[in-house]
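S.K.: Please work out how this folds:
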Amino acid sequence: MDININKTSPVLPEPTTPVSKSRLGSSFPSRRFVSARRKNPKLDDVRSNGWLEAMISSSPPRKRLVKDFNVEIAPEDDFAQRAWMLKYPSAITSFGHIAAQAKDKKIAVFLDYDGTLSPIVDDPDRAIMSDAMRAAVKDVAKYFPTAIISGRSRDKVYELVGLTELYYAGSHGMDIMTPASANDTNCIKSTDQQGEEVNLFQPAKEFIPVIEEVYKNLVELTKSIKGAKVENHKFCASVHYRNVDREDWELVAQRVHDHLKQYPRLRLTHGRKVLEVRPVIEWNKGKAVEFLLESLGLSNDDDFLPIFIGDDKTDEDAFKVLRDREHGFGILVSSVPKESNAFYSLRDPSEVKKFLKTLVKWRKMEDSTSI
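M.R.: From the prediction side, this is the model:
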């Protein structure tokens, strides 16, 4: 599989949407930042190139509930929400259609971790999946090839999940572990946590030293911003602003933006309240899905059905691959309306667990009736 490394791409190629004053509201930015921009015009960079707007739009506030006579009413649960659900129906209520498409086919299951198998929490280190969810994923892996494709490092996501039955792809698919039996000349031989021989596919291996350097620098650059947290995922680095005051989001983005001007082979992408520094190579979760399907011997098999479940912007690349192939289903995990390349939706990790258990139950019934 060819990997195109672009050595001249700009640092911030992604957002192009102009800033909408109505979206920002009169209370944002604060007077403090209006004054700061007068002193330092460079602060206009992340506004003029659309990055601040992208950070806001990709980080919707949690749904607020108001109580009226002991009845909880969700203000967002209006016509727009119902229209969105028509476009992206529940994968649980639509399971009959999914099952009809999956009948007599091999199913491969791909799962994101944060926000999909574990709840989104303020501290990424506390994003722990429940024992019930782990049991559900373990059962799925008994019947279907199952992979976790996460933005976290592969070692970290393995530590959090702790199931040897799965395939693991960390750093948005830039660090993939497959069985040693998989035949791919792009892989290197290694051993897993149990000492078993495995194949490793690491298309961004040459970037490890520079990611380490940028990570250390970003820790220093953001340490004065209360709530900011930087993580090193080996092949990419994440700058979390979930616990940063909203009026300081612009400052986080600006410091990351300015620092990355020194690194033309790195690019900045964004997810849910996180900025991610990644190598400028044509590789993402969608490419990782294609690679894993090829390793599993399913890429040219019409009798297979891949299912990808994820909640974040970085999962859209995988959804798009399945949509473009017209084969398989992307399932978006979200409780609020947002545009997606997915076909179906689930509201939260509890519904993901219910869907996985339904999938296993269906397969057991199919197996019993075919005997």
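
S.K.: ok, and for the longest helix anywhere in the chain, which residues are buried?
M.R.: For the chain, the helix with the greatest residue count under DSSP state H is helix 349-370. The neighbour-count check on helix 349-370 (16 or more other CB atoms under 10 Å) flags Pro349, Glu351, Val352, Lys353, Phe355, Leu356, Lys357, Thr358, Leu359, Val360, Trp362, Arg363 as buried. To be clear about C-beta, it is placed using only N, CA and C from the backbone, and glycine gets the same treatment.

S.K.: repeat for stretch 261-279
M.R.: 263, 265-279.

S.K.: next one: stretch 220-240
M.R.: By 16+ other CB under 10 Å, the buried positions in stretch 220-240 come out as 221-222, 225, 228-240.

S.K.: Mind checking which of those residues are in helices?
M.R.: Taking DSSP H, the ones among these that sit in helices are Leu221, Thr222.

S.K.: Just the ones in strands from the buried residues of stretch 220-240, please.
M.R.: The strands, defined by DSSP state E, take in Lys229, Val230, Glu231, Asn232, Ala237, Ser238, Val239, His240 from the buried residues of stretch 220-240.

S.K.: For these, work out which two are farthest apart.
M.R.: Largest separation among these by CB to CB: Asn232 and His240, giving 12.4 Å.

S.K.: coming back round to it: mind putting the ones in strands among the buried residues of stretch 220-240 in JSON lines, pLDDT and distance to Gly151 included?
M.R.: Putting these into JSON lines (pLDDT from 0 to 100; distance: CB to CB, whole Å) gives the following:
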{"residue": "Lys229", "pLDDT": "96", "distance to Gly151": "14"}
{"residue": "Val230", "pLDDT": "97", "distance to Gly151": "14"}
{"residue": "Glu231", "pLDDT": "95", "distance to Gly151": "9"}
{"residue": "Asn232", "pLDDT": "96", "distance to Gly151": "12"}
{"residue": "Ala237", "pLDDT": "96", "distance to Gly151": "10"}
{"residue": "Ser238", "pLDDT": "95", "distance to Gly151": "7"}
{"residue": "Val239", "pLDDT": "96", "distance to Gly151": "12"}
{"residue": "His240", "pLDDT": "94", "distance to Gly151": "11"}
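
S.K.: Looking at those residues, which is nearest Phe308?
M.R.: Out of those, the member with the shortest distance to Phe308 (by CB to CB) is Ser238, at 20.9 Å.

S.K.: Show me what the closest one is bridged to.
M.R.: According to DSSP bridges, the residues that bridge with Ser238 are Glu231, Glu276.

S.K.: Quick one: residues contacting it.
M.R.: By CB atoms under 8 Å, 6 or more residues apart in numbering, the contact set of Ser238 is Gly151, Val230, Glu231, Val274, Leu275, Glu276, Val277.

S.K.: same question, Ala91
M.R.: For Ala91, the contact set (CB under 8 Å, 6+ apart) comprises Ile98, Phe329, Ile331, Tyr344, Ser345, Leu346, Glu351, Phe355.

S.K.: Which of those are buried, as a ChimeraX select command?
M.R.: Selecting just the buried residues from the contacts of Ala91 in ChimeraX takes one command, with 16+ other CB under 10 Å as the test:
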select :98,329,331,344,345,346,351,355
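
S.K.: Show me where the stretch 151-300 of the chain has its helices.
M.R.: Ranges of helices in the stretch 151-300 of the chain, per DSSP state H, counting those that start in this stretch, are 154-161, 208-222, 249-260, 285-295.

S.K.: what is the rounded mean pLDDT of the second one?
M.R.: Read it as helix 208-222. Taken as a whole, helix 208-222 has an average pLDDT of 97.

S.K.: now do the last one
M.R.: Across helix 285-295, pLDDT averages out at 93.

S.K.: Check which residues of the helix or strand containing Ala136 are buried.
M.R.: Under DSSP states H and E, the secondary-structure element containing Ala136 is helix 131-143. For helix 131-143, burial by neighbour count (16+ other CB under 10 Å) applies to Met133, Arg134, Ala136, Val137, Lys138, Asp139, Val140, Ala141, Tyr143.

S.K.: the inter-axis angle of that helix versus helix 154-161?
M.R.: Using axes from the mean of the first three to the mean of the last three CA atoms, to 10 degrees, the direction of helix 131-143 lies 110 degrees away from that of helix 154-161.

S.K.: from now on call the first residue 428
M.R.: Taking 428 as the first residue, the last one we looked at is helix 558-570.

S.K.: can you give me the end-to-end distance of stretch 681-695?
M.R.: The distance separating the two terminal residues of stretch 681-695, taken as CA to CA, to the nearest Å, comes to 12 Å.

S.K.: Now do that stretch, average pLDDT.
M.R.: When pLDDT is averaged along stretch 681-695, the result is 94.

S.K.: same deal with stretch 623-632?
M.R.: With pLDDT averaged residue by residue, stretch 623-632 scores 85.

S.K.: Contacts made by it with the rest, please.
M.R.: With contact meaning CB under 8 Å, 6+ apart, stretch 623-632 is reached by 430, 598, 601-607, 609, 611, 613-619, 662-663, 706, 708, 710, 718, 722.

S.K.: Filter those residues down to the buried ones.
M.R.: The buried subset of the contacts of stretch 623-632 (16+ other CB under 10 Å) comprises 598, 601-605, 609, 614, 662-663, 706, 708, 710, 718, 722.

S.K.: which stretches of this protein have low pLDDT?
M.R.: Along the chain, segments meeting pLDDT under 70 span 428-471, 475-476, 484-504, 607-612, 620-621, 797-798.

S.K.: 90 instead, please
M.R.: Across the chain, the ranges flagged by pLDDT under 90 are 428-509, 530-531, 547-554, 591-592, 604-626, 696-700, 709, 721-731, 752-754, 793-798.

S.K.: Between the ones in strands among the buried residues of stretch 647-667, which sits nearest Ala535?
M.R.: Once CB to CB is applied, the member of those that ends up nearest Ala535 is Ser665, at 27.0 Å.
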